[in-house]
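Asks: next comes the sequence, and after it the predicted model I'd like to discuss.
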Amino acid sequence: MKLINKKNKNYTQVFHLFTEEEWTKTGKNFNKNISTFFTGKKYEVFVNAHEEGITYFIGLGKSTLQNFEIQQVAARFSQSQKEKLQAVPTLALADFMNEKQFEEFVKGLLTGTYNYPFDKKHAFWNAKFELHFENLSQKKLDHISQKAEALINGQSACQDWLNKPANLKKPDILSTYLKNLAKKYDLKYSAFNRKKCEELGLGAYLSVNQGSAYDAAFTILEYKTTVKNAKTFGLVGKCILFDTGGISIKSSANLHYMKSDMGGATAVLGTLIYAAEMQLPVNIIAVLPITDNAVSEKALLPSDVITAYNKKTIEVLDTDAEGRLILADGLSYLAKNYKTDFLIDLATLTGSSVRMFGDTCAAMFSNNEELKNKLIKTGDQTNQRVWNLPLWDVWKDDIQSDVADMKNISLKPVGDCIIAAKFLEQFIENHPKWAHLDIAGVAFGSVGYAKEKAATGFGVQLLVNLIENYH
């Protein structure tokens, strides 16, 4: 989006932003009848069509609003007015806005252009559209434009892959895409097939993949900075392309939503794209254990005992608790083979986290106070919120097995998201700064651009802001 620091004499399209307080103060300068329809409340839009053109009055709500709320308002405005908005030089009027707030406004305008499949047909992507804003220097506007475009490129890739139907995201299709992405952004790409995984001993991941008609693709993407002594983030994203539940098969109700079981991986993918486009001064090692969880004559059976990468044995009581199996190998492979300052995994992992938090926030578990607090703070700033839950050792008893080192579920019908986190903790190889985010309720849900549930893009802005601002 072209942002320009100037003001012409005449505009056929104007975006005039108001908080409720601003409107109270300045509303009397406009036609008094407008106040019947517009008061500056959050999400209010009044379209004032006149001889010279159209002015959109956009309400932001109370002046105490948080920055992410400006993004919410802009995204809804962008979505709801998309048929009517014109690709012309447009004036933005908002004297009360600071740089960060204007950045959120631009990000919202662009994230609001998302639809599936993402096609950039919205007026805001047209070369003729320019947003003129006098209050910031051209240098600052250029930076805002770059950040907003990098974000939407990352977030739209995340949403597109999550929204794709199952037959359009088979492992080979995703692998080809990731290979091309690595080329485009100069990332190091490695992928291990079934034979290589067997050699390496990635037994927990393979136990899920063995039922699949498709070869394994345990994938590692590395983004490197040239900056010396940069921090290294290890990211693991659950990448189950479709989850039938395996032999412990799921019921057919809402089974079509199981194409969304790769929400952790797509959040990591979006973050990598943003980091590469912005050339962030960090290193990122991303592990995506790609497979589907299928029902077949070769599928894992409940009661099977498998050996994970770190040689721990697992009794599989439920093949629908497969996410934690592939994450177990993802985490221990990353922890054993790479030196990282932070280890974060994201997964659409448990129905238990959905029952607890709905679509309000992700369940977070961490063994490090500093990382925990950073994630909470970043979640509050981006409205991709996380709520911290305990990792007490009392839950370790619930995964003790009679025939292996541990079992993959507790047979008690309670606290499964905590049990899953406790299980994963056994595979971080004592990493001192680990966080696990269960994003089952927030990655896929009600969105403005679709009638059914669809991808929210959760995790991209959370990780991007965390990584960009980790000092």
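Replies: Looks like it came in fine. Bear in mind the structure is a predicted one, so any value in this text is a computation, not a measurement.
Asks: for this structure, which strand is longest?
Replies: strand 283-293 (DSSP state E).
Asks: which neighbours in the sheet does that strand have, and how are they oriented?
Replies: Here strand 283-293 has these sheet partners by DSSP bridges: strand 217-223 (antiparallel), strand 232-237 (parallel), strand 239-243 (parallel).
Asks: tabulate these (CSV), appending mean neighbour count and distance to Leu325.
Replies: In short, each C-beta sits where N, CA and C put it, glycine included. Shown next, in CSV, are the strands paired with strand 283-293 (neighbours: other Cβ atoms under 10 Å; distance: least, Cβ to Cβ, whole Å):
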stretch, mean neighbour count, distance to Leu325
strand 217-223, 23, 12
strand 232-237, 27, 13
strand 239-243, 25, 10
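Asks: of all those strands, which one is nearest Gly457?
Replies: Closest of the strands paired with strand 283-293 to Gly457 is strand 232-237, at 13.8 Å (criterion: Cβ to Cβ).
Asks: for that closest one, give the mean pLDDT please.
Replies: For strand 232-237, mean pLDDT is 98.
Asks: quick revisit: can I get the strands paired with strand 283-293 in CSV including distance to Leu391?
Replies: CSV is the format used below for those (distance: least, Cβ to Cβ, whole Å):
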stretch, distance to Leu391
strand 217-223, 26
strand 232-237, 17
strand 239-243, 24
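Asks: looking at the ones you listed, spot the one closest to Trp392.
Replies: Between Trp392 and these, the shortest separation by Cβ to Cβ is 23.0 Å, and it involves strand 232-237.
Asks: how far does that closest one sit from the chain's center?
Replies: 14 Å (Cα atoms, centre = their mean, to the nearest Å).
Asks: name the residues that touch that strand?
Replies: 262, 264-269, 271, 282-289, 327, 330-331, 334-335, 338-347, 431, 463, 467 (Cβ atoms under 8 Å, 6 or more residues apart in numbering).
Asks: list the buried residues in the helix ranked longest in the chain.
Replies: Ranked by number of residues, the top helix in the chain under DSSP state H is helix 138-163. Using 16 or more other Cβ atoms under 10 Å as the test for burial, helix 138-163 gives 140-141, 143-145, 147-163.
Asks: for stretch 307-326, same thing?
Replies: 307-310, 312-326.
Asks: can you give me the end-to-end span of that stretch?
Replies: End-to-end span of stretch 307-326 (Cα to Cα, to the nearest Å): 12 Å.
Asks: with stretch 203-222 instead?
Replies: Terminal residues of stretch 203-222 are spaced 23 Å apart (Cα to Cα).
Asks: ok, which stretches of the stretch 301-450 of the chain are helices?
Replies: 323-337, 351-357, 369-382, 416-425 (DSSP state H, counting those that start in this stretch).
Asks: below-threshold pLDDT in the chain: ranges please.
Replies: The chain contains residues with pLDDT under 70 at 471.
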